[in-house]
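Colleague: Generate coordinates for the sequence data below:
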Amino acid sequence: MIAIDREGKAIPPCGACRELMTQLMPENYRNIEIMMDYEKNRVVTLGELTPEWWI
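Modeller: Presented below is the predicted three-dimensional model:
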């Protein structure tokens, strides 16, 4: 997944988006890959961004 700001840069998804992904995939949300920096090809998982989610 990739979120883009107004300047076209990759940014982390907002809290509401993270929550939606966890609710849609409660068993596997930690494995969703998030593009953090397109130019540097930096990818993290939602589990790394959200290690202790409430679900």
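
Colleague: C-alpha from now on. contacts and neighbour counts both.
Modeller: Will do.

Colleague: what's the single longest helix in the protein?
Modeller: Longest helix of the chain, by residue count under DSSP state H: helix 15-24.

Colleague: and after that one, which helix or strand comes next?
Modeller: The first helix or strand that comes after helix 15-24 along the chain, using DSSP states H and E, is strand 33-37.

Colleague: Just list what the helix or strand just after that following strand packs against, helices and strands only.
Modeller: Going down the chain from strand 33-37, the next helix or strand is strand 42-45, by DSSP H and E. With contacts taken as 3 or more Cα pairs under 8 Å, 6 or more residues apart in numbering; DSSP states H and E, strand 42-45 sits against strand 33-37.

Colleague: Mind checking the pLDDT average for the strand it packs on?
Modeller: Strand 33-37 comes out with an average pLDDT of 93.

Colleague: quick revisit: then the longest helix of the chain to PDB, C-alphas only?
Modeller: What follows is helix 15-24, C-alpha atoms only, in PDB (Å, rounded to 0.1, in the frame of the first residue of the first chain):
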ATOM      1  CA  GLY A  15      -4.500   6.200  11.900                       C
ATOM      2  CA  ALA A  16      -8.000   5.700  10.300                       C
ATOM      3  CA  CYS A  17      -6.400   3.900   7.300                       C
ATOM      4  CA  ARG A  18      -4.300   1.700   9.600                       C
ATOM      5  CA  GLU A  19      -7.400   0.900  11.700                       C
ATOM      6  CA  LEU A  20      -9.400   0.000   8.600                       C
ATOM      7  CA  MET A  21      -6.700  -2.400   7.400                       C
ATOM      8  CA  THR A  22      -6.500  -4.100  10.800                       C
ATOM      9  CA  GLN A  23     -10.300  -4.500  10.800                       C
ATOM     10  CA  LEU A  24     -10.400  -5.900   7.300                       C
END
